[in-house]
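S.K.: Just need the structure, nothing else, for what follows:
(chains A, B, C and D)
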Amino acid sequence: MTPLVEIKDLKKYHPLRQGYIFSKRRGEVRAVDGVSFSISEGETLGLVGESGCGKSTLGRTILRLEEPDSGSIVFRSEDITHIKAKDMKWWRKEAQMVFQDPKNSLDPRMTVGNSIEEALIIHDMGDQKKRERRVKELMIKVGLEPDLMARYPHELSGGQQQRIGIARALAVNPKLIVADEPVSALDVSVQAQILNLLADLKKELGLSYLFIAHNLWVIRYISDRVAIMYLGKIVELADKKELFRSPLHPYTEALLSALPGKKDRIILKGEVPSPVDPPSGCRFHPRCPRRFDRCEREEPELKDICKGHFVMCHLY
Amino acid sequence: MDSENGDKAILSVSGLRTYFFTKNGTVKAVDDISFDLRKGEILCIVGESGSGKTVTALSLLRLIEPPGRIVEGKIMFEEKNLLDIPISEMQKIRGNRIAMIFQDPHSSLNPVLTIGEQITEAMTAHRNLAKSEAKAQTIELLRLVEIPEPERRFHEYPHQFSGGMKQRVMVAMALACEPSVLIADEPTTALDLTIQAQILDLFMELRKKFSMSIIYITHDLGVVSELADRIAVMYGGRIMEKGRRDDVLKNPLHPYTRGLIDCLLSESEKLASIPGTIPNLIDLPEGCIFHPRCISAMDICRTERPGSSKIETEHYVYCFRYGGR
Amino acid sequence: MSLRTYIAKRLLHAVLIAWGVMTAAFFLMRLGPNSPADKYIASLGAGHNVTAVVAAIESRYGIDKPLHEQYFNYIASLLQGDWGWSFGTSMPVMELIKTHWIYSFQLVLLSSIFAIVLGISLGMFTAVKKNSRADHIAAFFSFAGISIPHFWLGIMLILIFSVKFGWFKTYYDTSLPMLSLENLHALTLPVFTLGTGMVAGYSRYVRSAMLENMGKDFVRTARAKGLPERTVIGKHVFRNAMLPVITIIMLDMSGIVFGGAYITEVIFGIPGLGWMSLKAVFADDYSVVMAVTLIGAFVTLLFNLLADIAYIYLDPRIRYE
Amino acid sequence: MRLAAYYWERTKRQRPAMAGLAFIIFLIILAVSGPFFTVSPTQVNFDEKNIPPPGFTLEQSIYNASSGGFVTTVQRGTWEHPLGTDGMGRDMLAMLISGARVSLLVGLLATGIAIIIGALIGITSAYFGGAMDSVLMRATDIFMTFPFLLLLILIVYLFGSSLTLIIMAIGLTGWTGTARLVRSETLSLRTREFIMASKALGASHLRIIFYHLLPNTLSSIIVLATLSIPGAILAEAALSFIGLGDPQVASWGNILNAGQGSLQTAWWVAVEPGMMLFFTVLAFNFMGEGMREAFEPGGD
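M.R.: Have a look, this model is predicted:
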């Protein structure tokens, strides 16, 4: 498989500023701190991590909704790391985003039809008649009655709102969709519907997903490969079946042990440290049940252990 | 109070209805539910949002605020119906005999009072304690819930604590008077994965130590499978199925319970899902409220509300497929 | 951020704003179509050596100097306490202020106490009794209180209680000793005039702040602990509700109090700063008008600063950031 | 717009707001049509001075030119002057209607100016942030530090007191509240996901400001505008009342000023304009509060 998008050593730091006249940098939140991976055509990469690990920032930076500090993003051999705002339109058509909170991701003062149509207006896709037909098509595609297009977001249920969010993302025929926790705000019985919809659309339209979640059963269902993120870094990346069968990184082991049906839960001590001042050496070492001397001193690298199973740990 | 199978129940709820009288109509948040809590057990109430599980918990302590009101029912606790006693007597039970932990530890603590004061207050409300004595006990409690440096943290404010630590403070507060019943309303939902595991672990330990009876409210079937002795599944303000953990999880009978478990635990290519959405509680469907989403609905489901049918010891289902009359 | 840095930051901000205020006042003065000299000459009438007077006044005000020099002189003399010369009364403006400020101060102080005590009690009461008949009646009266023009209210009070019933004098008597019951009696109508709008406003702020906090999760926690309702409201809700209320009350000092006190003084003839300023307007006493405006701004600034500092002591989230 | 209709439906349910609206419409009709059925508000007639409203009487001494002495007469109110006359014999009704025109003009125009300036400054400040935000907000702080009325008095004193100038002055000094509100609303909207979604679709800054930010702050702006009108009206009335208003026009504040001097004799001259002011301000406040409640999200 050829990579659709390839990310190399991507970094995104958010500066912390103080003072309003002579603002000075007091430090930075290392939200994304050197991340590399690729997503193949038609593949879903699941990205798992706890809140504050930088997974959302990573998603946004790839879409260039935030400016990367260093590293590169290459889409089909086109480097998009530094393209200017005015040359970005084609990239906006190739890559789209589905958001976490469906209610918040729709403009409350616009009908949902207009929200979808906005994509078509921005990219000059057809006259009004054509656009309306396309909006109807899209709504049917995501499993909604086209009559709903005249409604406002607050008149729809959470599941319906999220379907609108998906339709809006599909309007420009993208190849890549970054889905940032698209089901975590929904009820369990509705989550399954949206996940099935996303899986069907992927097959039908040949999409690739970067699927961000903190919930492992969601990831297990939707992903082809899975990346585990901790404090701005990817600590393990492997084929889904491989990862769930034999997790290597102690952090991954602990996360997987929380899945229902697993009897002996691994309980990690302490809390996620601040990304402003991450621990020395391996970032996970203060909480790691299997740490040894070297972990504190030396930062491990993301190594390929066997056939695409990457792990960042001194144990291997 | 004897429960359905003759065991001693510490808390027994029957026919509880809590409605919210809003401008747009009456929300039947809890609509005729009955269950027992036995001594030393963990009862998990499982449901999605809008199922009425939180309102049930609040009703037990009579913490329902207008426009909500407990319309009818009986809550028997220590030989008394909690719905009949005056509010002053209810205040003596709250925090003292029955304590509660809430979902969001960030908003459940008063931001302008120190942690120490908030826990001490829970103690002195019910017991005559000297100030120094209350402080010593509070610090002991903080140590019990594994908060490091309790003497220092006693004087700190909630915003100086992380989410997990705040929830530990809430637990300490609930334990202040060593209650016989603890109600925990989704105590880990607002927390991160690894922190959730820590809090759950704390629960298990405390349960062993204090032999409390716990009502644990959650939407997470994974947690249920670990924690519960018995389970009650709620949907749209009603109980759909209740019984011992293994009976319900391994042999779910109600189509809703089965759907829910399939959603979460299936590993097949296509996720099982329940069609449709959660009903609007103002305009509930006639008959069984689950019938519009039920794959095996019959005619009678559309017109009549099913009663409970006893499948085996302690396993009850509210569905016409199993009698329901 | 430590406590000291926080306070230092607020102080720096206040100094910056004070400088901005002085600069704005300076340019406003220079932008005006009339120079102080023109105004003074207009009031002199004919028969004077106009050129000489103009020259004298312009050098007194320093208007003959280049603009930047005028600006620095102006700021420097303000900082030294030289606030100009009042032609109307032939004395330094600072002296004039020193004799008049106390009348404004007593009016504002008494009205604020009246308004804060009554406003907070009324707000708490209506919040606890939400949607009761008493709450609706209080809501109606606070709307009326907010909407009633206080200068009209003052006149109506005079019409009813002074003209009709003769309980009070129609004018404030300056011969009364400051700390006496008679003085308090004489200030009844003025305080009521100025205080009504404040009571109405404060009671609504307090009510909405109380109601907002009564819906918070920590209040439910407090109830779940078994605390009596009195403690829940009086301790948990009240302390949180007071945070925004104190800020609003402090910030109000500028709008309601200065505008209101100005006009109340005019209606009742209380010789405070407002009364003094209006007299100066009609006497074309330029420096006095300017001085009162600046005092208003500086006092507002001071109250903003006090609000900021009060906040630190009330809200631990700022104290320990 | 279906959304506008929806909010109108919800506002309609607020009874005080509707009463306020009715009063304001009545006032506007009166102000516009007044000149066609009343005498001139400036027409002085000393023979008819201090006539009370019908139903009231007033004893006063009037100099009788033919007998050359003072005669005590009892003045009775007549329907010719339904609200009486003032000390110069001017018809109160005519003056009050003229005052309504002045007040409405001041309220609407000055608020309009203030809202436009405030909204522009607020949105620019929040959307672009950084140094732009710092400078604009410090300027706002400086403006807010001057007590509103004192600043108005200073401006009127320095630049003269025509009605146009007063309106300009109120508008140019009254924008700070709007700027703050619009800024804080824009700041919180800016981080909302639907703005992010528009950016992801490739929307331009202008599109985001005009299609998303502005419509979403509009309801707050409308409410604030409605609640700001009374402030503008009262400011003009206060200026006129202390004698710094436009002497060329009969405004409620002017009449009230004259009324204070004749409290002992002609009480109605002070009562009537104040009453009009009170009801007008009350009407706008009721309307603003009602709209605020109706626009509140999640109200149902």
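
S.K.: On the pLDDT front, check the residue of the stretch 51-200 of chain C found nearest chain D for me.
M.R.: Using CB to the nearest CB, C:W152 is the residue of the stretch 51-200 of chain C that sits closest to chain D, at 3.2 Å. Quick note: C-beta positions are derived from backbone N, CA and C, even for glycine. Here, the pLDDT recorded for C:W152 equals 91.

S.K.: for the stretch 101-250 of chain A, what spans make up the strands?
M.R.: Using DSSP state E, counting those that start in this stretch, the strands assigned to the stretch 101-250 of chain A run over residues A:176-180, A:208-213, A:225-230, A:233-239.

S.K.: Repeat that for the stretch 201-325 of chain B.
M.R.: In the stretch 201-325 of chain B, the segments counted as strands under DSSP E, counting those that start in this stretch are B:213-218, B:230-235, B:238-244, B:309-312, B:315-317.

S.K.: and chain C, which of those is closest to it?
M.R.: strand B:213-218 (13.4 Å).

S.K.: Identify all contacting residues around the closest one.
M.R.: B:10-11, B:37-46, B:53-54, B:56-57, B:60, B:180-189, B:203, B:207, B:223-224, B:227-228 (CB atoms under 8 Å, 6 or more residues apart in numbering or on different chains).

S.K.: Generate a PyMOL selection restricted to the buried subset of those residues.
M.R.: Buried residues among the contacts of strand B:213-218 (16 or more other CB atoms under 10 Å in any protein chain shown), as a PyMOL selection:
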select buried, chain B and resi 10+11+37+38+41+42+43+44+45+46+53+54+56+57+60+180+181+182+183+184+185+186+187+188+203+207+223+224+227+228
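
S.K.: Just the ones of the contacts of strand B:213-218 in strands?
M.R.: B:10-11, B:37-38, B:42-46, B:181-185 (DSSP state E).

S.K.: Just the buried residues of stretch B:155-172, please?
M.R.: If you call a residue buried by 16+ other CB under 10 Å, then stretch B:155-172 has these buried ones: B:156-172.

S.K.: nope, stretch C:167-187 is what I meant
M.R.: Buried residues in stretch C:167-187 (16+ other CB under 10 Å): C:168, C:170, C:172, C:183, C:186-187.

S.K.: now it, how far from the chain's geometric center?
M.R.: 22 Å (CA atoms, centre = their mean, to the nearest Å).

S.K.: what ranges of the chain fall below the confidence cut-off?
M.R.: Just so you know, I chose chain A. Along chain A, the model assigns pLDDT under 70 to residues A:1, A:17-26, A:260-263.

S.K.: Can you look at chain C instead?
M.R.: Residue ranges of chain C with pLDDT under 70: C:1-2, C:32-50, C:57-58, C:60-64, C:253-256, C:319-321.

S.K.: tell me the two of the buried residues of stretch C:167-187 that are most distant?
M.R.: Distances among those were taken as CB to CB; the most separated pair is C:T170 and C:N183, at 16.4 Å.

S.K.: The residue of the stretch 101-250 of chain A found nearest chain C: what's its closest spatial neighbour, skipping adjacent residues?
M.R.: Residue nearest to chain C within the stretch 101-250 of chain A: A:A185 (19.4 Å; CB to the nearest CB). Spatial nearest neighbour of A:A185, excluding adjacent residues (CB to CB, 6 or more residues apart in numbering or on different chains): A:D101 at 5.1 Å.

S.K.: looking at it, that neighbour is touching D:E193, isn't it?
M.R.: Yes. Judged on CB atoms under 8 Å, A:D101 makes contact with D:E193 at a distance of 6.0 Å.

S.K.: which residue sits closest to A:A199, ignoring its sequence neighbours?
M.R.: A:I222 (6.3 Å).

S.K.: if we can go back for a sec, so which of the strands of the stretch 201-325 of chain B comes closest to C:E95?
M.R.: Nearest to C:E95, of all the strands of the stretch 201-325 of chain B, is strand B:213-218, at 73.2 Å by CB to CB.

S.K.: now the angle between strand B:230-235 and that closest one, please.
M.R.: Here strand B:213-218 points in a direction 40 degrees away from that of strand B:230-235 (axes from the mean of the first three to the mean of the last three CA atoms, to 10 degrees).

S.K.: what residues does the stretch 51-200 of chain B put near chain C?
M.R.: Within the stretch 51-200 of chain B, the positions adjacent to chain C are B:58, B:61, B:63, B:65, B:88, B:91-96, B:99-100, B:102, B:104, B:107-114, B:121-122, B:125-126, B:156-157, B:159-160, B:170, B:173, B:176 by CB under 8 Å from any CB of the partner chain.

S.K.: Give the ChimeraX command for selecting the buried subset of the residues you listed.
M.R.: The ChimeraX command for the buried members of these (criterion: 16+ other CB under 10 Å) is given here:
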select /B:58,61,63,91,93,94,95,96,99,100,102,104,107,108,109,110,111,112,113,114,121,122,125,126,156,157,159,160,170,173,176
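
S.K.: and the residues of the stretch 51-200 of chain B next to chain C, which of them are in helices?
M.R.: Judged by DSSP state H, these include B:58, B:88, B:91-93, B:107-108, B:121-122, B:170, B:173 as members of helices.

S.K.: In a markdown table, list these along with pLDDT.
M.R.: Shown next, in a markdown table, are these (pLDDT from 0 to 100):
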| residue | pLDDT |
| --- | --- |
| B:L58 | 94 |
| B:S88 | 92 |
| B:Q91 | 93 |
| B:K92 | 93 |
| B:I93 | 93 |
| B:S107 | 92 |
| B:S108 | 94 |
| B:E121 | 93 |
| B:A122 | 91 |
| B:M170 | 94 |
| B:M173 | 94 |
